[in-house]
Structures are given as C-alpha cells and as structure tokens.
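S.K.: Model the structure of this input:
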Amino acid sequence: MSIYVGNLSYEVTEADLSSVFVEYGTVKRVQLPTDRETGRMRGFGFVEMGTDAEEQAAIDALDGAEWMGRDLKVNKAKPREDRGGSGSFGGGGGGRSRDNFSRRY
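M.R.: Purely as a prediction, here's the structure:
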C-alpha cells in the first residue's frame, strides 16, 4: 500500500518529501508524477513506507499539516482505476469510407 500526498508545492523534490516522511519510518519509494506535456510536477505524489503502521503514523501526523506554505492532504492511496482496456482513444466516425459520400462536380 502507498500513501497519497496532495496539495504539494510545485517546487517540492523527491528528497524533500522523503525527508518529511522518514520521521515516521522507513521510506521505500517516493513518486512525484509530472505532466507529460510541460514536464512540470502535478502537485501530488505517492510515498511507500516499510510497514502499514509507519504509513498510518505518517498519515495521522501529516494530514492537514502545513508544509512549504500549503496544507497537505495525506491519506491511503486508492488503487489506480482501469481506464478501459485496449489503449484506444474512444470512438470516432467508424465505418465511414469514401463510398458513403457522393461527389458533385
């Protein structure tokens, strides 16, 4: 299980976040997702700790705490939702071909 950390400053680094959570136990991994187009941090991250007890201690202590000028939102991360199978981008005007259009000259 991992911890969701929201409302982060866009200036935060993985090392910054790790240094806050290490006070509550072993930090196994920190992830700070970035926007694909801009490369800018998205304002949230995930922290994975050594045990469930350490994660709960961090959540209890840090949820609502002010850090880097922002009030943190800290809770258990929810499983990622499956966005639907094949990786396609949805429908379109399927089934159209040139034969379906008449040309007038």
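
S.K.: In this structure, where is pLDDT below threshold?
M.R.: Low-confidence segments of the chain (pLDDT under 70): 82-105.

S.K.: now do 90
M.R.: Low-confidence segments of the chain, defined by pLDDT under 90, are located at 1, 79-105.

S.K.: Helix, strand, or coil at the closest residue to residue 67 other than its chain neighbours?
M.R.: The shortest distance from residue 67 to any non-neighbouring residue, by Cβ to Cβ, 6 or more residues apart in numbering, is to residue 20 (6.6 Å). For glycine as for every other residue, the C-beta is placed from the backbone atoms N, C-alpha and C. Each residue gets one of three states, and residue 20 gets helix by DSSP: H, G, I helix; E, B strand; the rest coil.

S.K.: Counting neighbours, what do you get for residue 20?
M.R.: When neighbours are counted by other Cβ atoms under 10 Å, residue 20 registers 21.

S.K.: distance of it from residue 13?
M.R.: Noted for residue 20: a distance of 11 Å to residue 13, by Cβ to Cβ, to the nearest Å.

S.K.: now swap in residue 76 and tell me
M.R.: To residue 13, residue 76 is 23 Å away according to Cβ to Cβ.

S.K.: Packing partners of the helix or strand residue 45 falls within?
M.R.: Take DSSP states H and E as the rule and residue 45 turns out to sit in strand 44-49. Applying 3 or more Cβ pairs under 8 Å, 6 or more residues apart in numbering; DSSP states H and E, one finds that strand 44-49 contacts strand 3-6, helix 14-21, strand 27-31, helix 52-62.

S.K.: List the buried residues for it?
M.R.: 45, 47-49 (16 or more other Cβ atoms under 10 Å).

S.K.: Return the member of the residues you listed nearest to residue 26.
M.R.: Comparing those against residue 26 with Cβ to Cβ picks out residue 49 as the nearest, at 6.2 Å.

S.K.: pretty sure the closest one is touching residue 55, no?
M.R.: Yes - applying Cβ atoms under 8 Å as the test, residue 49 and residue 55 come out as touching, 4.7 Å apart.

S.K.: who touches both of those two?
M.R.: Here residue 49 and residue 55 have 3, 25 as joint contacts, going by Cβ atoms under 8 Å, 6 or more residues apart in numbering.
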